[in-house]
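Enquirer: Structure for the following, please:
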Amino acid sequence: QVQLAESGGDLVQPGGSLRLSCVNSGGSLDYPAIGWFRQAPGKEREGVSCIITWDGEIRYADSVKGRFTVSRDNAKNTMYLQMNDLKPEDTAVYYCVADYNSLRLCVLHEADIWGQGTQVTVSS
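Expert: Got it, this is the predicted structure:
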């Protein structure tokens, strides 16, 4: 059974860094596409980053390019999101997601498999 679990969310000051982790306790993360979404109160869901497994392509939202880095460790069934130079507008619940359709996840920002989310708050 797939169980995605995020960790690493916290309160951090602007300019700070956090690393989020996502582990599948039910097995591997060997899905066609995996990634991170975020949801802030009153705002639409945003696709932060995705990894297309078959060719290793990585995509980022324009709002996080140059600041966030996604990676995966297949041996540990874990995906990471390194977030640097955090801004107040990065405040959101961050969700680890996976799907069998890379177009659906990376372009439409929809997914069948979700973690429970982890809160990231950027504030002084």
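Enquirer: could you check the distance from the residue nearest in space to the middle of the chain over to Gln82?
Expert: The chain has Trp36 as the residue nearest its centroid, 2.2 Å off, counting by Cα atoms, centre = their mean. From Trp36 across to Gln82, the span is 11 Å (Cβ to Cβ, to the nearest Å). Where C-beta positions appear, they are placed from N, C-alpha and C, glycine not excepted.
Enquirer: Next, show the common contact partners of those two.
Expert: Common neighbours of Trp36 and Gln82 are listed as Val70 (criterion: Cβ atoms under 8 Å, 6 or more residues apart in numbering).
Enquirer: What segments of the protein are strands?
Expert: 4-7, 11-12, 18-24, 33-39, 46-52, 57-60, 68-73, 78-83, 92-99, 113-114, 118-122 (DSSP state E).
Enquirer: any idea of the pLDDT on Gly26?
Expert: Gly26 is assigned 81 on the pLDDT scale.
Enquirer: For it, the count of nearby residues, please.
Expert: 12 (other Cβ atoms under 10 Å).
Enquirer: Would you agree it is in contact with Ile113?
Expert: No: look at Gly26 against Ile113 with Cβ atoms under 8 Å: they stay out of range, at 10.0 Å.
Enquirer: show me the contacts for Asn74.
Expert: Counted by Cβ under 8 Å, 6+ apart, Asn74 has contacts 28-30.
Enquirer: Show me what the residue nearest to the centre of the chain bridges to in the sheet.
Expert: Trp36 has the following beta-bridge partners by DSSP bridges: Ser49, Cys96.
Enquirer: I am assuming Tyr31 contacts Thr53, so please confirm or correct that.
Expert: Yes: with contacts counted by Cβ under 8 Å, Tyr31 reaches Thr53, the gap being 6.6 Å.
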